[in-house]
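S.K.: Quick check, what structure comes out for this input:
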Amino acid sequence: MKQNYILNIVLSLALTLGCINGLFAQATATASASATIVAPITMSKNVDMNFGNAAVSVSTGGSVVLAPAGTRTAGGGGVTLPATAGTVTAASFTVSGAPGYTFAVTLPASAVITGPAAATMTVSSFTSSPSATGTLSGSGTQTLTVGATLALSAAQAPGTYTNASAVPVTVNYN
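M.R.: Next comes the predicted model:
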């Protein structure tokens, strides 16, 4: 009887160990992989930036501030804006991409424009509308306008000033 009892204990232990080993067996499941490619973000220029006509004193410089809305103001005591404004336009771009997506706007720190006899002026303090982040419409577009500040030195040489290298404006999906 004692032998049967010991045999039962050994068999019970063997069965228990067999079940425990089964509890640690591996299991495998599968998952599928997928990806959605969205339309790349693009930008095309509609209008170049133009500060229009400005006059500057021979003794005092100043600035012309061009807002993204296309309006301008004179800054500093030496700059005046004549009644004959000339062409005044903020830069304008069309941003295109995936409808409803947001994008970040990166503006340059400064640019140099060159005029007669290699005279230069600095364009800086760029601003945009929308400012730091824009949202593409349901059709996947957004107009981006950019303004800046033009610094004029006292006795700045008269003439037309342009830049040889473009002013880079960058957009990226958020």
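
S.K.: Low-confidence stretches in this protein?
M.R.: Residues of the chain meeting the criterion pLDDT under 70: 1-5, 7-8, 10-24.

S.K.: Tell me what the residue most central in space within the chain is bridged to.
M.R.: Nearest residue to the geometric centre of the chain (CA atoms, centre = their mean): Val105, 2.3 Å. Taking DSSP bridges, one obtains Val171 as the residues bridged to Val105.

S.K.: Assess the claim that it and Val171 are in contact.
M.R.: Yes - the criterion here is CB atoms under 8 Å, and Val105 meets it with Val171 at 5.8 Å. Backbone N, C-alpha and C define where each C-beta goes, glycine included.

S.K.: shared neighbours of the two, anything?
M.R.: Gly134, Leu144 (CB atoms under 8 Å, 6 or more residues apart in numbering).

S.K.: Do you have the helices of the protein handy? List them.
M.R.: 2-23 (DSSP state H).

S.K.: any idea which strand is longest in it?
M.R.: When the chain is parsed with DSSP state E, its longest strand is strand 141-152.

S.K.: Would you mind writing the CA trace of that strand as PDB?
M.R.: Coordinates of the C-alpha atoms in strand 141-152 are reproduced here as PDB (Å, rounded to 0.1, in the frame of the first residue of the first chain):
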ATOM      1  CA  THR A 141      -3.600  73.900 -51.300                       C
ATOM      2  CA  GLN A 142      -2.700  77.000 -49.200                       C
ATOM      3  CA  THR A 143      -1.500  80.400 -50.300                       C
ATOM      4  CA  LEU A 144       1.600  81.500 -48.400                       C
ATOM      5  CA  THR A 145       2.600  85.200 -48.500                       C
ATOM      6  CA  VAL A 146       6.000  86.500 -47.300                       C
ATOM      7  CA  GLY A 147       7.100  90.000 -46.300                       C
ATOM      8  CA  ALA A 148      10.300  91.400 -44.800                       C
ATOM      9  CA  THR A 149      12.200  94.500 -43.800                       C
ATOM     10  CA  LEU A 150      14.500  96.300 -46.200                       C
ATOM     11  CA  ALA A 151      17.400  98.300 -44.700                       C
ATOM     12  CA  LEU A 152      18.500 101.400 -46.500                       C
END
